[in-house]
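Asks: Dropping the sequence and predicted coords here.
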Amino acid sequence: MSNETWFSQLKTNYKDVPVTTEGIDTVGFYEASEEVVKLFDLLNSTAFTPVKTDLGGNVNKIRTKYTTNPSNYNTLQKLVTTEAKEGKERPASQGLLWLLRGLDFTSKALRRNLDNPQEELSVSFTEAYGLTLKKYHNFVVRPIFSLAMKACPYRKDFYAKLGSDLPTVQAEMNEWLTSLESLVAQMMEFFQKDGLDKGL
């Protein structure tokens, strides 16, 4: 059992989220994203509580909307376009956009850390924050996130929590990240293509 990792125990992995001609499966995506909230538990700091709360709240907005009409909102793309037609209030689209931003931050931090074996997590997360979420945050929120970055555990301790066999952990993290990056890129492009991110 020594090769069991955090990734192999996921209830839903991004690599298993169905993608069809209609788009990205809503349930698969929000279930996989719920697991990311748990990933921040491994970073082991109360400083990450705002990040977790934000991610979890946005997942809930998508789930709540989906349950009102599963057939209308069965893909993320349909959820966004249908909600845009329904009126001005677009809570699920707003939640999805912010979730994507949070996932973009998370994936860039972990990708950078995976690609730079000598770099500590605090550096990777700080650099990723500067590239992603920082521009959307005001002067009140930025220090909260900066504090969280500084509170990252040591690299070796974090990877040990992901699994005992480092090569397996790294291979599975790479696979998980590649799928996550692809899904985030697809949805970001979808939002921007038709200006569906305006006003959110």
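Replies: Now that the structure is in, tell me what you want to look at.
Asks: Okay, helices next: where are they in this structure?
Replies: Remark: helices assigned in the chain by DSSP state H are 26-42, 49-68, 76-86, 91-115, 121-131, 141-150, 155-162, 166-193.
Asks: between these, which gets the lowest average pLDDT?
Replies: For these, the weakest mean pLDDT is recorded on helix 141-150, namely a mean of 84.
Asks: Centre of the chain to that one, how far?
Replies: How far helix 141-150 lies from its chain's middle: 18 Å, per C-alpha atoms, centre = their mean, to the nearest Å.
Asks: Packing partners of that helix?
Replies: Other elements packing on helix 141-150 under the criterion 3 or more C-beta pairs under 8 Å, 6 or more residues apart in numbering; DSSP states H and E are helix 49-68, helix 121-131. C-betas here are computed from N, CA, C, even on glycine.
Asks: Report the buried residues of it.
Replies: 145, 146, 148, 149 (16 or more other C-beta atoms under 10 Å).
Asks: And for the residue lying closest to residue 56 once chain neighbours are set aside, the neighbour number?
Replies: Of all residues not flanking residue 56 in the chain, residue 37 sits nearest, at 4.9 Å (C-beta to C-beta, 6 or more residues apart in numbering). Residue 37: 19 surrounding residues under other C-beta atoms under 10 Å.
Asks: residues contacting residue 37?
Replies: Going by C-beta atoms under 8 Å, 6 or more residues apart in numbering, residue 37 touches 52, 55, 56, 59.
Asks: And those residues, which two are furthest apart?
Replies: Across the contacts of residue 37, no pair lies farther apart than 52 and 59, at 10.6 Å, counting by C-beta to C-beta.
Asks: more neighbours, the two?
Replies: Set residue 52 next to residue 59 and count neighbours by other C-beta under 10 Å: residue 59 wins out with 22 against 19.
Asks: The more buried one contacts residue 99, correct?
Replies: Yes: with contact defined as C-beta atoms under 8 Å, residue 59 reaches residue 99; the gap is 6.4 Å.
Asks: quick one, which of the helices of the chain is nearest to residue 4?
Replies: Comparing these by their distance to residue 4 (C-beta to C-beta), the top pick is helix 166-193, with 8.8 Å.
Asks: Please report the number of neighbouring residues for residue 92.
Replies: Neighbours of residue 92 under the rule other C-beta under 10 Å: 24.
Asks: Quick check: it vs residue 34, distance?
Replies: 15 Å (C-beta to C-beta, to the nearest Å).
Asks: Ok, residue 174 next?
Replies: 21 Å.
Asks: Identify the residue spatially nearest to residue 19, adjacent ones excluded.
Replies: Leaving aside its sequence neighbours, residue 19 sits nearest to residue 25 (C-beta to C-beta, 6+ apart; 7.0 Å).
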